[in-house]
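Undergrad: Sharing a model prediction with you, sequence too.
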Amino acid sequence: MTVAVYPGTFDPITNGHMDIIKRASSLFDKLIIGVYENPDKHPLFSLKQRVELLEKTVTDLPNVFVKSFNGLIVDFIHQIGGKVMIRGLRVSSDFEREFEMALMNKKLAPDIELICLMTSSQYQFLSSSLIKEVAMLGGCLEGMVPDHIATALKEKAPMRLPKVAR
């Protein structure tokens, strides 16, 4: 059984992430979505909330599971018996960053293979940062995130808006 891991902070998950998840789940026996606890990024959603939102998002994919982790991704992959790391690429700047990380991860764990999947063209502009900004400014999120994520963002985002002086 080949186990692959798709790591990220997923704050929040976008339809671009889902595109990668669905395609990767068809390539491997088991896909683990590794939700990275990275407090340095000051996530909008807590780790627990991100895991719960992801679990709800992938309920129709029987070979996809969600687990949180901290520390090195290669250590997490080894702990769960994974052999492959999945990464999504949107634009050329993603490639440069992913290439750097791939070289470091290969040095740390030569047994783990990296597979990069290009995000489908309709999602190339999506990023979690942009999604959060649109949500905080009251913009429409239709077609950019799953419906339950849009609802969660609408509930959470207004609480983070700065007060406007009148």
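TA: Yep, that arrived.
Undergrad: C-alpha from now on. contacts and neighbour counts both.
TA: Fine.
Undergrad: so where's the longest helix in this protein?
TA: The single longest helix within the chain, with elements called by DSSP state H, is helix 92-108.
Undergrad: How about residues contacting it?
TA: Under the criterion Cα atoms under 8 Å, 6 or more residues apart in numbering, residues Val74, Arg87, Leu89, Ile112, Glu113, Leu114 lie in contact with helix 92-108.
Undergrad: Which residue ranges of the chain form strands?
TA: 3-8, 30-36, 64-69, 84-89, 113-118 (DSSP state E).
Undergrad: got the contact list for Leu141?
TA: Here Leu141 is in contact with Ile131, Val134, Ala135, Ala150 (Cα under 8 Å, 6+ apart).
Undergrad: are any of the residues you listed buried, and which?
TA: Buried residues within the contacts of Leu141, counting neighbours by 16 or more other Cα atoms under 10 Å: Ile131, Ala135, Ala150.
Undergrad: Tell me who's in contact with the first one.
TA: It refers to Ile131. Pro12, Thr14, Leu141, Met144 are the contacts of Ile131 under Cα under 8 Å, 6+ apart.
Undergrad: burial of the last one, as a residue count?
TA: It refers to Met144. 20 (other Cα atoms under 10 Å).
Undergrad: so what's it closest to, chain neighbours aside?
TA: Asn15 (5.4 Å; Cα to Cα, 6 or more residues apart in numbering).
Undergrad: my guess is that neighbour meets Val145, correct?
TA: Yes - counting by Cα atoms under 8 Å, Val145 is a contact partner of Asn15 at 4.9 Å.
Undergrad: Which positions in the lowest-mean-pLDDT helix or strand in the chain come out as buried?
TA: In the chain, the helix or strand scored least confidently by mean pLDDT, DSSP states H and E is helix 92-108, which has a mean of 84. Neighbour counts over helix 92-108 (16+ other Cα under 10 Å) mark Phe95, Glu98, Ala102, Asn105 as buried.
Undergrad: Thank you kindly, that will do.
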